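Peer 1: Whatever this is, show me its structure:
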Amino acid sequence: MSEKGKVPEAKTWANWLLIIIGIILFTGGVLYLPSSLRERLIPAEVTEVVQKANLSGELAAALGLAGGFHLLVYGVFSIIAGIGLFARRAWAWGMAIMLLSIIVVMTVVNIATAMINNTFDPILMLLPTVAAVASLVAWLALVSARKAYTA
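Peer 2: Below is the predicted model of the structure:
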């Protein structure tokens, strides 16, 4: 088969990245749940460590979010899309492109808002920025390998 007619190879690392991002988003969303529900889902030892380190406040500032329900939704759908990409499903490719785009846009908006409000802290924005850059790279990889998922 000629190079021109060859179907691009699927990007397995992008699938895993999407699943990992989904787990992180879902976990971040759980931190925003009401305490009665959160206590059932998160072991007391983990809650104790989070409270001692004040990670929930830092996480809220880093992500710039008022609530976490959308994080739960994005996390679940990122995991579903990542799993669907392994089966090379067209719907999973479209969902992954959409979710990766949302992650990049959310991070850019959060950074811009923090800079405008003079609350930008490079240390707190490090993880979201790394996630946005990784999401952008994965987005480009999935777009370049579109035929592997939609053929």
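
Peer 1: Where does the prediction get shaky in this protein?
Peer 2: Scanning the chain for pLDDT under 70 picks out 1-10, 32-68, 151.

Peer 1: Show me the helices in it, by range?
Peer 2: Per DSSP state H, the chain carries helices over the ranges 12-30, 35-41, 44-53, 55-63, 69-86, 90-116, 126-144, 146-150.

Peer 1: now for the first one, which elements pack on it?
Peer 2: Under the contact definition 3 or more C-beta pairs under 8 Å, 6 or more residues apart in numbering; DSSP states H and E, helix 12-30 sits against helix 69-86, helix 90-116, helix 126-144. Heads up, the C-betas are built off the backbone N, CA and C, glycines and all.

Peer 1: what angle separates it from helix 69-86?
Peer 2: Counting by axes from the mean of the first three to the mean of the last three C-alpha atoms, to 10 degrees, helix 12-30 lies at 160 degrees to helix 69-86.

Peer 1: can you state the direction angle for helix 12-30 and helix 90-116?
Peer 2: 60 degrees.

Peer 1: Just the residues contacting helix 12-30, thanks.
Peer 2: 38, 41-42, 59, 63, 68-83, 85-86, 96, 99-100, 103, 131, 134-135, 138, 141-142 (C-beta atoms under 8 Å, 6 or more residues apart in numbering).

Peer 1: would you turn the helices and strands packed on helix 12-30 into JSON lines with distance to Trp16 and mean neighbour count?
Peer 2: Formatted as JSON lines, the helices and strands packed on helix 12-30 follow (distance: least, C-beta to C-beta, whole Å; neighbours: other C-beta atoms under 10 Å):
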{"stretch": "helix 69-86", "distance to Trp16": "7", "mean neighbour count": "19"}
{"stretch": "helix 90-116", "distance to Trp16": "12", "mean neighbour count": "17"}
{"stretch": "helix 126-144", "distance to Trp16": "10", "mean neighbour count": "17"}
